[in-house]
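# Based on what follows, work out the 3D shape:
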Amino acid sequence: MKENKFKAFLKRKDIEISAKRYGIEALGAMAQGLFASLLIGTIINTIGTITGVELFNTIGAFATAVAGPAMAIAIGHALKAPPLVLFSLAAVGWAANAQGGAGGPLAVLIIAIISTEVGKMVSKETKVDIIVTPAVTIFAGALLSLGIAPYIGWAANKVGDFIMITTEWHPFVMGIVVSVIIGICLTLPISSAAICAAFGLVGLAGGAAVAGCCAQMVGFAVMSFKENKWGGLIAQGLGTSMLQMGNIVKNPKIWLPPIITSAITGPIATCLFHFQMNGAPISSGMGTCGLVGQIGVWTGWIDDVAAGTKSAITGMDWFAMILICFVLPAILTWIIGALFRKTGWIKENDLKLDL
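Residues are numbered from 1 along each chain as shown. So this is what the prediction gives:
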């Protein structure tokens, strides 16, 4: 009886404990919060550095400073938080991100989810809701931030360091592994960008992640041009390859050409060109979506030159980025896709989108 009452209470509060809500909806929202703060702020700041216009640097600094609150509020919105809970998450996000250090995004994800659900539980349960709900939400988030955020951040940082160091040691194998896995995550209804941000993937591993994401987006865009024409090319190439998920469920074989391509371009990026992404970690998981992945690579070059770790941006740098992000994904996926069409693994309209 008590169990049934508790389930009814959770349903009334719209608290759904599921992998879909927390692992897909909340994670995807976190990436949007990061995009609207840290990422766009980094881009604006870079413009200021290049042009020498101080106003851009000032505005960019404003945007990057609120990454924690932006992530937490985005997560709360995805979890359908009431207004007082949603607004209180600004403080929670700031605390979790600050206490989480380099692994702040993962700390924000976990703590914002818990704080949101706790806040939802007490929301509108008392006559002094305007005091109780914000207080409970902020106290829950602040205490968790002080208690566990440093450990979450430490763990996320260590995982990211392990991936990046391993990629440096074994660029061929890890070039394949990182490229394929992050590329797959990009097309799945989860956020590859948030995953890269959570683990702080940059450097050689970041370059492999960019390669894998581009293989999926550009690959699907070109491979399905026969069915979707220019609209599909733009929607997938500059938008998201996630549009193909419905078709993938119907015929999983259509996913193989982009995956195979990512397994080829990943080690080419890491071994042949030593291709790195040293911008904001979220850019590693964005691919060609709004050209954010490429902007991230470029801002990384600017930062490396400013730091003295890179002498200059060369023609070979641009050649490598164009080849890995656009040319090879387009050519390789189209060739593999054509072979799949000839063998009957991909049939007419298997890649058709309802645009």
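
# List the residues that contact residue 208.
Counting by C-beta atoms under 8 Å, 6 or more residues apart in numbering, residue 208 makes contact with 167, 174, 175, 178, 179, 182, 266, 267, 269, 270, 275. The C-beta positions use only the backbone N, C-alpha and C, and glycine is treated the same way.

# Let me know the helix or strand that it is in.
Residue 208 belongs to helix 203-223 when elements are defined using DSSP states H and E.

# same question for the helix or strand that that helix is followed by, mean pLDDT?
Per DSSP H and E, helix 203-223 leads on to helix 225-234 as the next helix or strand towards the C-terminus. Helix 225-234 shows a mean pLDDT of 93.

# Can you list the helices and strands that the helix or strand just after helix 225-234 packs against?
Per DSSP H and E, helix 225-234 leads on to helix 245-250 as the next helix or strand towards the C-terminus. Contact partners of helix 245-250 among helices and strands, from 3 or more C-beta pairs under 8 Å, 6 or more residues apart in numbering; DSSP states H and E: none.

# List the buried residues of helix 245-250.
Neighbour-count burial for helix 245-250 flags 247, 248 (criterion: 16 or more other C-beta atoms under 10 Å).

# State the next helix or strand along the chain beyond that helix.
That would be, after helix 245-250 and using DSSP H and E, helix 256-267.

# who does that next one touch, helix- and strand-wise?
Against helix 256-267 (3+ C-beta pairs under 8 Å, 6+ apart) you get helix 171-187, helix 203-223, helix 328-343.

# now the angle between helix 225-234 and the helix holding residue 208, please.
130 degrees (axes from the mean of the first three to the mean of the last three C-alpha atoms, to 10 degrees).

# that older thread, output the helices and strands packed on helix 256-267 in a markdown table; the columns should cover distance to residue 15.
Formatted as a markdown table, the helices and strands packed on helix 256-267 follow (distance: least, C-beta to C-beta, whole Å):
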| stretch | distance to residue 15 |
| --- | --- |
| helix 171-187 | 26 |
| helix 203-223 | 33 |
| helix 328-343 | 41 |
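
# out of those, deepest packed?
Mean neighbour count (mean count of other C-beta atoms under 10 Å) peaks for helix 203-223 among the helices and strands packed on helix 256-267, with a mean of 32.

# Let's see that helix as PDB, backbone CA atoms only.
The C-alpha trace of helix 203-223 is given here as PDB (Å, rounded to 0.1, in the frame of the first residue of the first chain):
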ATOM      1  CA  GLY A 203      43.800  17.100 -27.500                       C
ATOM      2  CA  LEU A 204      44.400  14.100 -29.700                       C
ATOM      3  CA  ALA A 205      41.300  12.300 -28.200                       C
ATOM      4  CA  GLY A 206      39.300  15.400 -29.000                       C
ATOM      5  CA  GLY A 207      40.500  15.300 -32.500                       C
ATOM      6  CA  ALA A 208      39.400  11.700 -32.900                       C
ATOM      7  CA  ALA A 209      36.000  12.500 -31.400                       C
ATOM      8  CA  VAL A 210      35.600  15.300 -34.000                       C
ATOM      9  CA  ALA A 211      36.500  12.900 -36.800                       C
ATOM     10  CA  GLY A 212      34.000  10.300 -35.600                       C
ATOM     11  CA  CYS A 213      31.200  12.900 -35.300                       C
ATOM     12  CA  CYS A 214      31.900  14.300 -38.800                       C
ATOM     13  CA  ALA A 215      31.900  10.800 -40.200                       C
ATOM     14  CA  GLN A 216      28.300  10.300 -39.000                       C
ATOM     15  CA  MET A 217      27.000  13.700 -40.000                       C
ATOM     16  CA  VAL A 218      28.700  14.300 -43.300                       C
ATOM     17  CA  GLY A 219      28.500  10.600 -44.100                       C
ATOM     18  CA  PHE A 220      24.800  10.300 -43.700                       C
ATOM     19  CA  ALA A 221      24.200  13.600 -45.500                       C
ATOM     20  CA  VAL A 222      26.100  12.500 -48.600                       C
ATOM     21  CA  MET A 223      25.100   8.800 -48.500                       C
END
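
# can you give me the angle that helix makes with helix 256-267?
Using the same axes, to 10 degrees: helix 203-223 against helix 256-267 is 150 degrees.

# Quick one: distance of helix 203-223 to the chain centre.
13 Å (C-alpha atoms, centre = their mean, to the nearest Å).

# Please report how far residue 295 lies from residue 175.
22 Å (C-beta to C-beta, to the nearest Å).

# For stretch 48-55, measure first residue to last.
7 Å (C-alpha to C-alpha, to the nearest Å).

# how about it: buried residues?
So, applying 16+ other C-beta under 10 Å, buried residues of stretch 48-55: 48, 49.

# So which residues make contact with that stretch?
Contacts for stretch 48-55 (C-beta under 8 Å, 6+ apart): 47, 56, 57, 58, 59, 60, 302, 306.

# between those, which is closest to residue 86?
Of all those, residue 59 has the smallest distance to residue 86: 24.8 Å, by C-beta to C-beta.
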